[in-house]
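**Q** Would you be able to build a 3D model of this:
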Amino acid sequence: LAALCRSNMAFFDLAVDAVLKNSREMAYHALLIDPLTAAVCSPFEIKSMFDELYEADKPYIPNLK
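**A** Residues are numbered from 1 along each chain as shown. The predicted structure follows:
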């Protein structure tokens, strides 16, 4: 159970770091390692979804590069 929690928390840690460090690439990598996303989407689909989400959320995280 601890290993399952750890893999899920890695996603959240990386996502928070991405926002704190203003890193678009880190945010994308966070989505790539999300176990739930990876279970249903291919890497291509994840990239497409990320790009769409990034554009929609840009006003809320304007410093993300």
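
**Q** Could you give the average pLDDT over stretch 32-42?
**A** Throughout stretch 32-42, pLDDT has a mean value of 92.

**Q** Ok, stretch 6-17 next?
**A** On average, stretch 6-17 scores 88.

**Q** which residues touch that stretch?
**A** 23, 26, 27, 29, 30, 31, 33, 34, 35 (C-beta atoms under 8 Å, 6 or more residues apart in numbering). To be clear about C-beta, it is placed using only N, CA and C from the backbone, and glycine gets the same treatment.

**Q** now do stretch 57-65
**A** Contacts of stretch 57-65 (C-beta under 8 Å, 6+ apart): 18, 19, 22, 23, 24, 27, 54.

**Q** and the last one, how many neighbours?
**A** Going back to what we said before, that points to residue 54. Other residues lying near residue 54 total 15 when counted by other C-beta atoms under 10 Å.

**Q** then the helix or strand residue 56 falls within to CSV, C-alphas only?
**A** In this assignment (DSSP states H and E), residue 56 forms part of helix 43-57. In CSV, the C-alpha atoms belonging to helix 43-57 read as follows (Å, rounded to 0.1, in the frame of the first residue of the first chain):
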residue,chain,number,x,y,z
PRO,A,43,2.0,9.3,-24.3
PHE,A,44,0.7,11.1,-27.4
GLU,A,45,-2.8,11.5,-25.9
ILE,A,46,-1.2,12.8,-22.6
LYS,A,47,0.8,15.4,-24.6
SER,A,48,-2.3,16.5,-26.5
MET,A,49,-4.3,16.7,-23.2
PHE,A,50,-1.5,18.6,-21.5
ASP,A,51,-1.2,21.2,-24.3
GLU,A,52,-5.0,21.7,-24.2
LEU,A,53,-5.0,22.0,-20.4
TYR,A,54,-2.0,24.3,-20.4
GLU,A,55,-3.7,26.7,-22.8
ALA,A,56,-6.9,26.7,-20.8
ASP,A,57,-5.1,27.3,-17.4
